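Engineer: the following block contains a protein sequence and its predicted model.
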Amino acid sequence: MSSRLDRLQGKVVVVTGAGSGMGREVALLAAQHGARVAVSDVNEQGLAETVDLLKHAGAAEVRSDRVDVAARQEVIDWAAAVAEQFGTVNVVVNNAGVSYAGDFEEMPYDDFDWIVGINFMGVVHGTKEFLPHLIASGDGHLVNISSLFGLISIPGQSAYNATKFAVRGFTEAVREEMIVNRHPVKVTCVHPGGIKTGIARNGRKVAGTDVQATDDFFDQKLAKMTADKAARIILEGALAGKPRQLVGLDAHALHQFGRIAGARYQDVVARVAGRMNPGKKIV
């Protein structure tokens, strides 16, 4: 039986943050359905492992580059090289992202700038540089990864919330512009809930945070869905032209809770978080 993913046969799919987690699984799934893939990450070892997996999966063509999505010129050069090699770009998944946990009052500016540079400006750079190629393809799909935390806020996640809400607003506006200007590009903003990846364990925390407790809480209590299942939901949603794709029962449930409760959801979340709070400062 044919699948929506079969439309990827022969298409060019670009994925950032493909050295692990959802990015790796999105690239693999695309390759398994006949796509040619261009992947990037700052983690060269993880990226090399992804390339090996892609080749083992029978990818028709693979390009990999070490790219820091926060570095504008690196993304500019990479996008140009990808377009030159493949001749077109059909799908771009701006997936690269990091986490930073802790109370805002304790955050140094440098760490806040770091997460904004990757989570938000990385999406801006990837969108800006690949969008002309998506338009020119006549069959473009732009996929930007936000988060459940781009729909509701959580204490201790102010920096992460800020970037993911920014990705949401930016992506939705770009989608509207594609409609207004009648460009042949579908735009999807993705909001995953807890996914089994290393984003929390590999992220930064403010000084004094109980790192082990914070990481264990995410891995054991919040991360419920596997990255490969999330990847399938993401690609199927994008190819269906969905403007918003929620990933996971937690994303659906908490999104609905936020809609129903309105701004008062913040009080409920604050009370619950105050009781749980596994990573609060050790004193």
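Structural biologist: Received the coordinates, thanks.
Engineer: run the chain-centre distance for stretch 118-133.
Structural biologist: Chain-centre distance of stretch 118-133: 12 Å, with CA atoms, centre = their mean, to the nearest Å.
Engineer: tell me which element the nearest residue to Ala59 once chain neighbours are set aside is part of?
Structural biologist: If you skip the residues right next to it in sequence, Ala59 has Ala31 as its closest partner in space, 3.7 Å away by CB to CB, 6 or more residues apart in numbering. (C-beta placed from N, C-alpha, C; glycine too.) Taking DSSP states H and E as the definition, Ala31 sits inside helix 21-32.
Engineer: ok, and what's touching whichever helix or strand comes after that helix?
Structural biologist: Downstream of helix 21-32, the next assigned helix or strand under DSSP H and E is strand 36-41. Contacting residues not belonging to strand 36-41 are listed as 10-20, 23, 27, 30-31, 47, 50-51, 54, 59-67, 69, 78, 82, 85-86, 89, 96 [CB atoms under 8 Å, 6 or more residues apart in numbering].
Engineer: same thing with stretch 160-177?
Structural biologist: For stretch 160-177, contacts defined as CB under 8 Å, 6+ apart pick out 97, 99-101, 115-116, 119-120, 123-124, 127, 131, 142, 144-147, 149-151, 153-154, 183, 187-189, 191, 243.
Engineer: which ones among the contacts of strand 36-41 are found in helices?
Structural biologist: Using DSSP state H, the subset of those located in helices is Gly23, Ala27, Ala30, Ala31, Leu47, Thr50, Val51, Leu54, Trp78, Val82, Gln85, Phe86.
Engineer: and whichever strand or helix holds Trp114, what does it pack onto?
Structural biologist: Trp114 belongs to helix 109-115 when assigned by DSSP H and E. Under the contact definition 3 or more CB pairs under 8 Å, 6 or more residues apart in numbering; DSSP states H and E, helix 109-115 sits against strand 100-101, helix 158-180, strand 204-205.
Engineer: reformat the ones you listed as TSV; add mean neighbour count, mean pLDDT and distance to Asp6.
Structural biologist: As requested, the helices and strands packed on helix 109-115 are exported to TSV (neighbours: other CB atoms under 10 Å; pLDDT from 0 to 100; distance: least, CB to CB, whole Å):
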stretch	mean neighbour count	mean pLDDT	distance to Asp6
strand 100-101	22	90	39
helix 158-180	18	97	24
strand 204-205	18	78	40
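Engineer: could you export these as JSON lines, including distance to Leu5?
Structural biologist: Formatted as JSON lines, these follow (distance: least, CB to CB, whole Å):
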{"stretch": "strand 100-101", "distance to Leu5": "33"}
{"stretch": "helix 158-180", "distance to Leu5": "22"}
{"stretch": "strand 204-205", "distance to Leu5": "35"}
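Engineer: closest one to Gln73 among those?
Structural biologist: Among those, the nearest to Gln73 by CB to CB is helix 158-180 (20.5 Å).
Engineer: and for the closest residue to Asn43 other than its chain neighbours, the neighbour number?
Structural biologist: Using CB to CB, 6+ apart and skipping residues adjacent in sequence, the residue nearest Asn43 is Gly19, 4.1 Å away. Residues lying near Gly19 (other CB atoms under 10 Å) number 24.
Engineer: and if you look at His133?
Structural biologist: Around His133 there are 21 other residues, counting by other CB under 10 Å.
Engineer: please identify the helix or strand for it.
Structural biologist: Using DSSP H and E, His133 falls within helix 121-137.
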